[in-house]
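Enquirer: coords please:
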Amino acid sequence: MTYPIQEMAIQTETLKQIRAQRLVRREKQYVFRLDAQQVQRARELDLPDSALIALAAIDAAAYGSRRNDWVTLPTKTIDAFARGFRWWHRATTKLEQAGLIECQRHSGRLPRYRLKKRG
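Expert: Residues are numbered from 1 along each chain as shown. This is a model prediction of the structure:
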């Protein structure tokens, strides 16, 4: 004779906290900073706001290395703007044309960016 197994939901305080923390992680917000000189230079070059946002994201990624290394932004970061790859490509192209960044683009791979030295 077999007995059916009855499932019972267990709600402990610890499980509630874990679920709440998971929800907070999913709603992660990106915070990028630009200094006044970067914004002023971008305005002088008549760059659109999209280029300023891209510059802030690239600057944040490059900040961790503290060197003049090439950085790749994760797809999640670019997708967080909810604008699509074309929007991002146009913004980074404007930055490249303005001489603020260098970009290496290769088919099948994410682009790599490097900030040009301020001077």
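
Enquirer: all strands of this protein, in order?
Expert: For the chain, the strands defined by DSSP state E occupy 101-104, 112-115.

Enquirer: How far off centre is the last one?
Expert: This means strand 112-115. 14 Å (C-alpha atoms, centre = their mean, to the nearest Å).

Enquirer: what does the first one give?
Expert: Here the centre of strand 101-104 is set off from its chain's centre by 16 Å, with C-alpha atoms, centre = their mean.

Enquirer: CA-only coordinates of it, as PDB, when you get a sec.
Expert: Provided in PDB are the C-alpha atoms of strand 101-104 (Å, rounded to 0.1, in the frame of the first residue of the first chain):
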ATOM      1  CA  ILE A 101      37.500  56.800 -26.800                       C
ATOM      2  CA  GLU A 102      39.200  54.200 -29.000                       C
ATOM      3  CA  CYS A 103      37.200  51.200 -30.100                       C
ATOM      4  CA  GLN A 104      38.100  47.700 -31.400                       C
END
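
Enquirer: got the contact list for that strand?
Expert: Contacts to strand 101-104, defined as C-beta atoms under 8 Å, 6 or more residues apart in numbering, come from residues 55, 58, 70, 92-93, 95-96, 111-116. (Each C-beta comes from the backbone N, C-alpha and C, glycine too.)

Enquirer: Try it again at 6 Å.
Expert: For strand 101-104, the surrounding residues in contact (C-beta atoms under 6 Å, 6 or more residues apart in numbering) are 92, 95-96, 111-115.

Enquirer: Show the average pLDDT along it.
Expert: Strand 101-104 shows a mean pLDDT of 87.

Enquirer: Given that strand, what are its sheet partners and their directions?
Expert: Sheet pairing for strand 101-104, assigned by DSSP bridges, gives strand 112-115 (antiparallel).
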